[in-house]
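Enquirer: take this sequence and fold it.
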Amino acid sequence: MPFHLVSEFTPTGDQPEAIRQLVEGVRAGDRFQTLLGVTGSGKTFTVANMIAQLDRPALILSHNKTLAAQLYGEFKHFFPKDRVEYFVSYYDYYQPEAYLPVTNTYIEKDLSINDEIEKLRLSATSALLSGRRNVIVVASVSCIYGIGNPAEFHKSVVHLSKGLKVSRNKLLLDLVEALYSRKDDAPERGQFRVRGD
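Expert: Got it, this is the predicted structure:
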């Protein structure tokens, strides 16, 4: 499925030439290209046009979460019919473990995970593994750390569909192997409930 760029604007000024050069560079295998421009000069729109012309999955890498969130919103606006995903660190707070020799003090690791961002990360991973070509992932540099092996992620997916006949015990085993946990009163995300035999 090709990308569908939606905008009331058309490239103007230096943008058409920048788009042409960048697209040609990617097609020629140029690994390092730079798009220069002051704030508000339309760099995101230029890249959006480039993505639409190349018609292949794209990774937009930002140096921090704030800019990644801004770019995510802009690309969602430009590509409302395509999979635009957000992949940043799911930590709201992270304090690594530390040792202070002067006071002989050990500080335990402390962290807080944002469940909504974790859902967005899973959606991005799922989109990439789906085989779709019209996928844009906007990420911060933290995306390069600790995501794991995509093949392992793909193996842990439990496929269910309406009308599918599956053994109850096999389904429960598959859920446990996919790291779901049983909770019979009020299950939350990552948990399941079992009723009856």
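Enquirer: just the strands from this structure, written as ranges.
Expert: In the chain, the strands defined using DSSP state E lie at 58-62, 83-87, 91-95, 98-100, 105-107, 110-113, 135-140, 181-182, 191-192.
Enquirer: any idea of the mean pLDDT in the longest one?
Expert: This points to strand 135-140. The pLDDT scores in strand 135-140 average 96.
Enquirer: residues making contact with stretch 142-161?
Expert: For stretch 142-161, contacts defined as Cβ atoms under 8 Å, 6 or more residues apart in numbering pick out 61, 87-89, 125, 128-129, 137, 166, 171, 174-175, 177-179. Any C-beta I mention is one placed from the backbone N, CA and C, and that applies to glycine too.
Enquirer: ditto for stretch 93-113
Expert: 90-92.
Enquirer: could you identify the most distant pair in the contacts of stretch 142-161?
Expert: Across the contacts of stretch 142-161, no pair lies farther apart than 61 and 166, at 39.7 Å, counting by Cβ to Cβ.
Enquirer: in this structure, which spans are helices?
Expert: Remark: helices assigned in the chain by DSSP state H are 15-27, 43-54, 65-78, 115-129, 150-155, 168-177.
Enquirer: which stretches of this protein have low pLDDT?
Expert: Within the chain, the stretches with pLDDT under 70 are 146-147, 197.
Enquirer: apply 50 and report the result again.
Expert: Within the chain, the set of residues satisfying pLDDT under 50 is empty.
Enquirer: burial count for residue 49?
Expert: For residue 49, the neighbour count with other Cβ atoms under 10 Å is 25.
Enquirer: now for it: which residues touch it?
Expert: Shown in contact with residue 49 (Cβ under 8 Å, 6+ apart): 5, 11, 15, 19.
Enquirer: mind checking how far the nearest residue to residue 60 once chain neighbours are set aside is from residue 153?
Expert: Counting by Cβ to Cβ, 6 or more residues apart in numbering, residue 138 is the residue found nearest to residue 60 once chain neighbours are left out, at 4.5 Å. In this view, residue 138 and residue 153 are 19 Å apart by Cβ to Cβ, to the nearest Å.
Enquirer: so which of the contacts of stretch 93-113 comes closest to residue 47?
Expert: Of all the contacts of stretch 93-113, residue 47 sits closest to residue 90, with 25.4 Å by Cβ to Cβ.
Enquirer: how near is that closest one to residue 143?
Expert: Distance of residue 90 to residue 143, computed by Cβ to Cβ: 11 Å.
Enquirer: for residue 50, same thing?
Expert: With distances taken as Cβ to Cβ, residue 50 is found 20 Å from residue 143.
Enquirer: about what we covered before: want to throw the helices of the chain into a markdown table with distance to residue 189?
Expert: Output for the helices of the chain, formatted as a markdown table (distance: least, Cβ to Cβ, whole Å):
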| stretch | distance to residue 189 |
| --- | --- |
| helix 15-27 | 38 |
| helix 43-54 | 31 |
| helix 65-78 | 22 |
| helix 115-129 | 7 |
| helix 150-155 | 17 |
| helix 168-177 | 13 |
